[in-house]
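Student: sharing a model prediction with you, sequence too.
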Amino acid sequence: MAAAFGKTILFGEHAVVYGVPAIASAIGLKTEVKVTGTGKELKIRAGKESNIEALKEITLAIMDKMELKENVELEEKTELIVGAGMGSSASYCVATVRALAEYFGKKMGEKEVNNYAYEGEKISHGNPSGIDNTVAAYGGIVWFRRNLGGGKNTVERLKIRQPVEVVLGHCGKTGNTKKIVQKVKEKKEKEPERLGKLLREIEGIVFEAKKALEGFELKKTGKLMTKNQEKLRELGVSTNALEKMCDTALSRGALGAKLTGAGGGGCIIALTPGKILQENVAQGITDLGFKAIKTRIGV
Ligand code: PMV
């Protein structure tokens with residue numbers, strides 16, 4: 001049996017598409033994949049939330065790249081909400097590569113696991129920046145910069161002293177990443193100056209956040225998250241539900257709150273070090289009628 005973590009984007013979503021660095025973290029919720037045997041055709045048993053046909057397509061792409069000819073039977077189980085920007089597909093890809101490697105006795109380093117997992121991500125996202133599978137494969141907190149020239153992306157692990165409690169608030173609606181990324185692109189073409197300025201401001205926030213995280217300055221990190229949220233709102237990717245959850249999290253004492261991932265739905269992340277603060281913020285989000293998930297970053 002193999003497993004891989006989900007992810008949350010702490011800083012720089014959307015701007016990362018245009019070459020601004022982003023910071024993402026693994027979260028303490030995972031997907032497990034087990035190869036139970038071989039058979040005539042590829043068979044997948046999965047939780048009721050998962051789309052089996054999509055998982056099959058992803059798995060076939062990975063197996064093809066790994067040059068595995070035998071069909072397998074797989075079991076999938078995930079703690080992540082599917083389609084909520086929590087990296088469920090990337091964690092499935094990474095766990096599947098690991099499970100297949102284990103079953104067929106192939107020794108593999110994290111880098112190789114990540115490369116095969118990216119093949120699966122291409123099936124689910126078209127042209128992914130690669131940040132999700134990288135975090136799922138390496139764990140911890142990752143500094144990621146896309147190479148706009150098509151060359152190798154910059155991936156650097158950021159060390160923090162210890163994992164930190166966070167609350168993810170899910171608004172119940174799925175955001176369509178492809179559509180929202182396209183919307184930002186159109187805005188950028190229409191208003192190049194305003195959007196250019198916003199992207200530069202986000203870049204400044206991401207660089208400051210790197211320092212704050214490495215110095216384990218959580219208050220500063222939280223302030224920067226809230227500042228990043230202001231810029232995401234100006235980019236037009238936030239929603240009323242996401243704003244409401246951020247406001248509630250802050251009023252309950254969260255050090256910072258922002259949407260995470262593409263926006264337009266999906267989740268917010270609130271920085272809530274310590275179990276008591278985490279519980280308090282989670283309760284606030286639940287009281288609003290949304291789903292609160294308590295987990296940790298930097299795992
Ligand atoms: O919603 P998610 O978790 O798939 O995140 C999308 C992040 C974007 O920056 C908006 C797009 C990308 O490819 O990096």
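Tutor: On my side now, so go ahead.
Student: which other residues reach the helix or strand hosting residue 248?
Tutor: Using DSSP states H and E, residue 248 sits within helix 240-251. Residues outside helix 240-251 that contact it (C-beta atoms under 8 Å, 6 or more residues apart in numbering): 167, 169, 171-173, 226, 229, 233, 256-259, 263, 265-266, 268, 270, 272, 281, 284-285, 287-288, 290. In short, each C-beta sits where N, CA and C put it, glycine included.
Student: what are the pairing partners of the helix or strand immediately after that helix in the chain, and which direction each?
Tutor: Downstream of helix 240-251, the first helix or strand assigned by DSSP H and E is strand 256-260. Strand 256-260 pairs in its sheet with strand 267-271 (antiparallel), by DSSP bridges.
Student: got the angle for the partner strand vs helix 240-251?
Tutor: If you take axes from the mean of the first three to the mean of the last three C-alpha atoms, to 10 degrees, strand 267-271 sits at 10 degrees to helix 240-251.
Student: what about the ligand: which of the contacts of helix 240-251 touch it?
Tutor: Among the contacts of helix 240-251, the ones lying near the ligand by C-beta under 6 Å from any ligand atom are residue 266.
Student: just the buried residues of the contacts of helix 240-251.
Tutor: For those, a neighbour count by 16 or more other C-beta atoms under 10 Å gives the buried set as 167, 169, 171, 226, 229, 233, 256-259, 263, 265-266, 268, 270, 272, 281, 284-285, 288, 290.
Student: can you pull the contacts of the residue in the stretch 101-250 of the chain that the ligand sits nearest to?
Tutor: Going by C-beta to the nearest ligand atom, the ligand is nearest to residue 129 of the stretch 101-250 of the chain, at 3.7 Å. Each residue near residue 129 by C-beta under 8 Å, 6+ apart is listed here: 16, 17, 22, 144, 146, 153.
Student: next up, the contacts around the third one.
Tutor: For residue 22, the residues meeting the contact criterion (C-beta under 8 Å, 6+ apart) are 9, 11, 12, 13, 15, 16, 129, 131, 143, 144, 145, 206.
Student: how about the residues of the stretch 151-299 of the chain that lie near the ligand?
Tutor: Counting by C-beta under 6 Å from any ligand atom, the residues of the stretch 151-299 of the chain that sit close to the ligand are 177, 181, 261, 262, 266.
Student: can you tell me which of these are in strands?
Tutor: Among these, no member is found in strands (DSSP state E).
Student: and the residues you listed, which two are the farthest apart?
Tutor: Farthest pair in those (C-beta to C-beta) is 181 and 266. Separation: 13.1 Å.
Student: quick check on the nearest residue to residue 54 once chain neighbours are set aside: phi, psi?
Tutor: With sequence-adjacent residues excluded and distances taken as C-beta to C-beta, 6 or more residues apart in numbering, residue 54 is closest to residue 124, at 6.6 Å. Residue 124 adopts backbone torsions of phi -80, psi -30, taken as degrees, to the nearest 10.
Student: relative to residue 273, how far out is residue 124?
Tutor: Applying C-beta to C-beta, to the nearest Å, the value for residue 124 to residue 273 is 33 Å.
Student: any idea of the pLDDT on the nearest residue to residue 143 once chain neighbours are set aside?
Tutor: Residue nearest to residue 143 in three dimensions, not counting chain neighbours: residue 156, with 4.2 Å by C-beta to C-beta, 6+ apart. At residue 156, the pLDDT value in this model is 94.
Student: quick one: which helix or strand includes residue 156?
Tutor: Judged by DSSP H and E, residue 156 forms part of strand 154-158.
Student: just to revisit the earlier point, neighbour-wise, give me the winner out of the residues of the stretch 151-299 of the chain next to the ligand.
Tutor: residue 266 (28 neighbours; other C-beta atoms under 10 Å).
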